[in-house]
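Colleague: here is the input, now give the coordinates:
(one chain, ligands or ions: 1)
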Amino acid sequence: MSAAAGEGAIQVPVIAIDGPGGVGKGTLSRHLAGHLGFHLLDSGALYRLVALGAKEQSVALDDEQGLADLGRQLDVEFRLGADDEIARPVLRGRLVGEELRSERCGDDASRIAGYPRVREALLARQRAFRRPPGLVADGRDMGSVVFPDAALKIFLTASVEERAQRRYKQLIGKGIGVNLAPLLGEISARDKRDRERSVAPMKPASDAVVIDTTTLGIDGVFEQVMKIASERGISGP
Ligand code: C5P
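Modeller: Sure, this is the predicted structure:
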């Protein structure tokens, strides 16, 4: 085990769920965490929160050191409200809602995620989510960089057309008017940036199980992952 993963951390199983945007990582991770009674890390939210914090505190999106400082000092906690299924981020005392999920925020997050110092600043914060009885970690580099000793590493894929369709339906369902063609272009551009960056590029860890979700519904993916998890002796408390 790498020293960075923390002493005793091996006792706490991690399920790493990686893959591009719109592939179903978030839904799968929530189902798994709920079913197993594990904690949940939405690492993308941390990158989005840094992007949002930068806007609020007038830190330029090309100021690598300023962004890294912000990431290290980010005054955020995740709180579970009475009706919440998942914990919500509270940034400097204010509950952050839909603005975190906007395409704009995702795009800003993807730009700042290319800076090595920003990634380094968020590393310890992400690893601190690893607490008993276990953790489901959702992101791009959970299995390859943040939790290299994860008990199970899943990398989800789906065609870019299918992911754009899913995102389109999600936005239309929320009453947000969008066009499919530009959405597809934005998703492709973000994929390319995430895949080609020099530090922690999005790619399956060498020991990851790759699952194509293009034609597989969430129930099918969930069953497949739970089967592998149980074969590896990963179970809830
Ligand atoms: O998953 P989500 O869309 O919320 O992530 C927003 C952006 O944050 C991604 O496009 C990616 O650039 C970055 N990210 C990352 N590493 C992670 C999670 C997210 O670089 N582990």
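Colleague: center of this protein, which residue is that?
Modeller: The centre of the chain sits closest to Gly139, judged by C-alpha atoms, centre = their mean, with a distance of 2.9 Å.
Colleague: please verify my assumption that it contacts Asp18.
Modeller: Yes. At 6.0 Å, Gly139 counts as touching Asp18 under the criterion of C-beta atoms under 8 Å. All C-beta spots, glycine's among them, are computed from the backbone N, C-alpha and C.
Colleague: shared neighbours, the two?
Modeller: The contact sets of Gly139 and Asp18 overlap at Lys25 (C-beta atoms under 8 Å, 6 or more residues apart in numbering).
Colleague: hmm, Leu122 is touching Arg48, no?
Modeller: No. Counting by C-beta under 8 Å, Leu122 stays clear of Arg48, with 11.4 Å between them.
Colleague: name the residues of this protein found near the ligand, please.
Modeller: 21, 43-44, 47-48, 106, 109-110, 113, 139-141, 190, 194 (C-beta under 6 Å from any ligand atom).
Colleague: the least confident helix or strand in the chain by mean pLDDT pairs with which strands?
Modeller: Lowest by mean pLDDT, DSSP states H and E among the helices and strands of the chain is strand 76-79, with a mean of 87. Paired neighbours of strand 76-79 in the sheet (DSSP bridges): strand 88-91 (antiparallel).
Colleague: ok now the partner strand, how far from the chain's centre?
Modeller: Strand 88-91 sits 15 Å away from the centroid of its parent chain (C-alpha atoms, centre = their mean, to the nearest Å).
Colleague: can you tell me what sits against the following helix or strand past it?
Modeller: Of the helices and strands lying after strand 88-91 in sequence (DSSP states H and E), the nearest is strand 94-95. The contact list for strand 94-95 (C-beta under 8 Å, 6+ apart) reads 79, 88-89.
Colleague: do that again at 10 Å, thanks
Modeller: Residues from elsewhere that reach strand 94-95, judged by C-beta atoms under 10 Å, 6 or more residues apart in numbering: 56, 79, 81, 88-89.
Colleague: with stretch 123-130 instead?
Modeller: Applying C-beta under 10 Å, 6+ apart, the set of residues contacting stretch 123-130 is 4-6, 8-9, 11-14, 39-43, 46, 71-72, 74, 76, 78, 119, 135-137, 139, 141-142, 145-147, 150, 200.
Colleague: returning to what we had before: the closest residue to the residue nearest to the centre of the chain other than its chain neighbours: how many residues sit nearby?
Modeller: Computed as C-beta to C-beta, 6 or more residues apart in numbering, the closest residue to Gly139 that is not its neighbour in sequence is Ser43, at 3.6 Å. Applying other C-beta atoms under 10 Å, we find 23 residues neighbouring Ser43.
Colleague: my guess is Ser43 contacts Arg140. True?
Modeller: Yes. Using C-beta atoms under 10 Å, Ser43 is in contact with Arg140, at 7.7 Å.
Colleague: need the strands for the protein, in chain order.
Modeller: 14-18, 39-42, 76-79, 88-91, 94-95, 135-139, 152-157, 209-212 (DSSP state E).
Colleague: any idea how far Ala158 is from the nearest residue to Asp194 once chain neighbours are set aside?
Modeller: Leaving aside its sequence neighbours, Asp194 sits nearest to Met202 (C-beta to C-beta, 6+ apart; 4.2 Å). Here the criterion is C-beta to C-beta, to the nearest Å. By it, Met202 lies 14 Å from Ala158.
Colleague: quick one: common contacting residues for the two?
Modeller: Residues touching both Met202 and Ala158 by C-beta under 10 Å, 6+ apart: 19-20.
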